[in-house]
Every structure is written in structure tokens, then in C-alpha cells.
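Peer 1: My questions are about this predicted structure, shown below with the sequence.
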Amino acid sequence: MRSFYPREKVVEAVEALERRYAADGHGIAIEQVAGGVRLVTKHELAEPVAAVLGRPRTITLSPAAIETLSLIAYKQPVSKADLESIRGVQCDGVLRSLMELELVRVAGRDESLGRAFLYGTTRKFLEQFGLRGIKDLPRPEA
């Protein structure tokens, strides 16, 4: 039978590692993201490391994709019709791209006539933007 450490002990250990790796001279960091923990290259070293490894550091999004993704993140679950109403343009292609990148998913169906798909963000979205959860999104200015 497996024995597990108490949650409090694990949290303490993770926080101790975060503090240790946050000190100067370390090239790695501990991040709490999307309900989990990951060991990452420090942000200031990410681009040089990615260049050496031959990997792109981040996903590149068009302005339309960023706008649509932002709306989904803040208004989720949200229908395509609501997104198009807010943006003033169709967003079929942008939604398809965001779903292919696994940043957006179908989060359910609207209860109104037609039962339209409702969209929400994914765990990969949280990981990509370094968020612990949706509540960590910056508050929009009034």
C-alpha cells in the first residue's frame, strides 16, 4: 500500500524549493501552474535555452487570436455568437486555431434554442500563460 505525504508537508516543501531556486545563481525555478507544479527554466534564460535546444519558447498568436482568447478567458463559458457580437467579426477560423493549439475547448452547450457550443480555456492555456487558475487573470481596468 502506498503512503502519501500530508498536503501541508508537500506545500511546505514546494514553497521551500521555490524560495531556494528564486535565489541568484540558479537557472531553474519552481512554478505553481494550472493546479500543479513544474520545474522550469528561469524566464530570463528561457530564450537562450530554447535557441540552443532549437525549440520556440512560446506560441505566437495573431492579434485576432489574442483578442478572442482574452474574451473567452474572461467571459467563459461563452458562445461563438457572443464572441462575434463583441468583436464585430466572425471568429470561426480563430476559434478553430485556438482549439488546434489546445488553448480553448468546448466547455458545454447553451441551454437556449439551438444549444450552441460554449467555449472555455484549457489547462494548456493556464500553463502557457503561467497562471495557477483563471482567478489569477489580471483584473480588467474599469
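Peer 2: In hand now; what should we look at? Keep in mind that what you see is a predicted model, and the values were worked out from it rather than measured.
Peer 1: Next, the buried residues of the lowest-mean-pLDDT helix or strand in the chain.
Peer 2: Scoring the helices and strands of the chain by mean pLDDT, DSSP states H and E places helix 43-53 at the bottom, with a mean of 78. Neighbour counts over helix 43-53 (16 or more other CB atoms under 10 Å) mark no residue as buried. Backbone N, C-alpha and C define where each C-beta goes, glycine included.
Peer 1: Repeat that for stretch 109-116.
Peer 2: Quick answer for stretch 109-116 (16+ other CB under 10 Å): Ala116.
Peer 1: any weak-confidence spans in the chain?
Peer 2: 1-3, 55-58, 142 (pLDDT under 70).
Peer 1: hey, where'd the strands end up in it?
Peer 2: 28-33, 36-41, 78-79, 104-109, 117-121 (DSSP state E).
Peer 1: Touching the lengthiest helix in the chain from outside, list them.
Peer 2: Looking across the chain with DSSP state H, the single longest helix is helix 7-22. Here helix 7-22 makes contact (CB atoms under 8 Å, 6 or more residues apart in numbering) with 26, 28-30, 32, 37.
Peer 1: Thr60 and Glu67, how far apart?
Peer 2: 15 Å (CB to CB, to the nearest Å).
Peer 1: Have a look at these two and say which one is more surrounded.
Peer 2: Glu67 (17 against 7; other CB atoms under 10 Å).
Peer 1: quick one, what contacts the nearest residue to the more buried one once chain neighbours are set aside?
Peer 2: Closest residue to Glu67 apart from its sequence neighbours, by CB to CB, 6 or more residues apart in numbering: Arg87 at 6.5 Å. Residues counted as contacts of Arg87 (CB under 8 Å, 6+ apart) are 64, 67-68, 71.
Peer 1: Neighbours of Asp82, how many?
Peer 2: 17.
Peer 1: if we can go back for a sec, check which residues of the longest helix of the chain are buried.
Peer 2: Neighbour counts over helix 7-22 (16+ other CB under 10 Å) mark Tyr21 as buried.
Peer 1: before we move on, back to that, with Pro48 as the reference, name the closest of the strands of the chain.
Peer 2: When the strands of the chain are compared by CB to CB, strand 36-41 sits nearest Pro48, at 8.9 Å.
Peer 1: Done for today, thanks.
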